[in-house]
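Undergrad: What would the 3D arrangement of this be:
(chains A and B)
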2 protein chains.
Amino acid sequence: MDGTHSALRAHGYAELTMRDIADEAGVSKAALHYHFDGKHDLLLSFLDRLLERFEARIEDVSGEDPEERLLSLAETVMLPPADGDPHEFRTALLEIEAQAPYDEAYRTRLERFDEAFADRVRAILAAGVADGTFDESVDPDESSSFVVTYVRGARTRNVAVGASLDDALAAFRRYVRSTLLADPPEVTTE
Amino acid sequence: MDGTHSALRAHGYAELTMRDIADEAGVSKAALHYHFDGKHDLLLSFLDRLLERFEARIEDVSGEDPEERLLSLAETVMLPPADGDPHEFRTALLEIEAQAPYDEAYRTRLERFDEAFADRVRAILAAGVADGTFDESVDPDESSSFVVTYVRGARTRNVAVGASLDDALAAFRRYVRSTLLADPPEVTTE
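TA: Residues are numbered from 1 along each chain as shown, chains lettered A, B, ... in the order given. The predicted structure is shown next:
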């Protein structure tokens, strides 16, 4: 799995070969073919493992209250984790996303990422409405979809045109404060 | 240009050949090669023409006040236009976006799309703050970036996992009402 990650970073998705993955993993091409029916099959296993890690990471976000947990979750999904997940890898993921309409198996995996993230946001929003952190008018279904859409946009825009993820995150924090919180802080206009 | 559009819809970006484009355009491959130095050069011209059309379309949005113009603009960029721009074509565009980090010429074009859209949103927001439609605390720079990021996310999420554009637009309308308007309507909790 680490070899696939490195190979995707180094070669991108379109150009990736089993040879590249074998080289990065330090195994023979024959060994790779023994376990996987080619690049597509291997990438599906890779996406499955990635999804498990993603679910563990988003389950793990902490914070004193629903607002902190929501911000921490957005940060986890938007910013690269401390141990890597750099720009090249996200670019390769976007290539796979662009293949999803042609490829049912990819699409099914990507839908699970999307749903896992949306479910987690929805649960935090619902808890926050229940405990009075978020305004009672917040609809967890709709707002979770809004948040997932925004975060997805921040990642794509970062890959495609280099827009800053830190700026996107700062704007998200202000959105949470001004739109979701039950008692938005007074806005200063200088 | 119409031939390129049709060929991208039919074949996607990665698989596209000069032969496909010549066939769709009803011209000879030789004629195409006379005008363009291959697929990459042709697609750059295509993106330039697409950008001109995009700028004309977003310049053209109308509405009685800044709120209506902003909603109309988001609708123009999110929903397919009446004359086409269907799912297949957006998928091909996402493939090109995923190539942008590897390709300076694509990236430059994509940045222009992003900037043209952000400029238009910013101008509408600034006009709306000036005439009292939008709250005086709205920062046109930051909010335009937020809006562009959200719209980008709606398009990518639609291509990658089939999320509904109509739902994304409905959620955007509520965001505008609850977050940007100077006098948000009373929220009903039903």
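
Undergrad: Leaving out the residues flanking it, which one is nearest to the spatially most central residue of chain A?
TA: Central residue of chain A (CA atoms, centre = their mean): residue A:77, 4.5 Å from the mean position. Using CB to CB, 6 or more residues apart in numbering or on different chains and skipping the chain neighbours, the partner closest in space to residue A:77 is residue A:151 (5.4 Å). C-beta here means a position set from N, CA and C on the backbone, and glycine is covered the same way.

Undergrad: So the one you found belongs to a helix, correct?
TA: Yes. Counting by DSSP: H, G, I helix; E, B strand; the rest coil, residue A:151 is part of a helix.

Undergrad: Was I right to think it contacts residue B:153?
TA: Yes. Residue A:151 sits in contact with residue B:153 when judged by CB atoms under 8 Å, with a separation of 7.0 Å.

Undergrad: what about the residue nearest to residue A:65 when sequence neighbours are not counted, distance to chain B?
TA: In space, residue A:65 comes closest to residue A:133 once its chain neighbours are excluded; the distance is 5.4 Å by CB to CB, 6+ apart. Noted for residue A:133: a distance of 16 Å to chain B, by CB to the nearest CB, to the nearest Å.

Undergrad: before we move on, the earlier item: contact partners for the residue nearest to residue A:77?
TA: Contacts for residue A:151 (CB atoms under 8 Å, 6 or more residues apart in numbering or on different chains) come out as A:74, A:77-78, A:117, A:172, B:153.

Undergrad: Would you mind giving those as TSV with pLDDT added?
TA: Below are the contacts of residue A:151 laid out as TSV (pLDDT from 0 to 100):
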residue	pLDDT
A:74	96
A:77	91
A:78	91
A:117	96
A:172	96
B:153	95
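
Undergrad: Show only the entries of those found in helices.
TA: Among the contacts of residue A:151, the members falling in helices are A:74, A:77-78, A:117, A:172, B:153 (criterion: DSSP state H).

Undergrad: Show me which pair in those residues is furthest apart.
TA: Greatest spatial distance among the ones in helices among the contacts of residue A:151 (CB to CB): A:117 and A:172, at 13.9 Å.

Undergrad: could you check the distance from the closest residue to chain B within chain A over to residue A:131?
TA: Chain B sits closest to residue A:153 of chain A, with a gap of 2.6 Å, by CB to the nearest CB. Residue A:153 is 29 Å from residue A:131, where distance means CB to CB, to the nearest Å.

Undergrad: Can you find the helix or strand in chain A with the smallest mean pLDDT?
TA: helix A:87-99 (a mean of 84; mean pLDDT, DSSP states H and E).

Undergrad: Return the angle between stretch directions for that one and helix B:87-99.
TA: Our comparison of helix A:87-99 with helix B:87-99, counting by axes from the mean of the first three to the mean of the last three CA atoms, to 10 degrees, yields an angle of 170 degrees.

Undergrad: how about helix A:87-99, does it get close to chain B?
TA: Yes. Helix A:87-99 reaches chain B (CB under 8 Å from any CB of the partner chain) through A:87-88, A:91, A:94-95, A:97-99.

Undergrad: Switch the residues you listed over to CSV; also include neighbour count.
TA: What follows is those, written out as CSV (neighbours: other CB atoms under 10 Å in any protein chain shown):
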residue, neighbour count
A:87, 14
A:88, 17
A:91, 22
A:94, 26
A:95, 24
A:97, 28
A:98, 28
A:99, 23
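
Undergrad: right, and residue A:132 touches residue A:182 too?
TA: Yes. If you go by CB under 8 Å, residue A:132 and residue A:182 touch, sitting 5.7 Å apart.

Undergrad: Outside of stretch A:133-147 itself, list whatever touches it.
TA: By CB under 8 Å, 6+ apart, stretch A:133-147 touches A:65-67, A:70, A:74, A:118-119, A:121-123, A:125-129, A:172, A:180-182, B:150, B:163, B:167-168, B:171-172, B:174-175, B:187-189.
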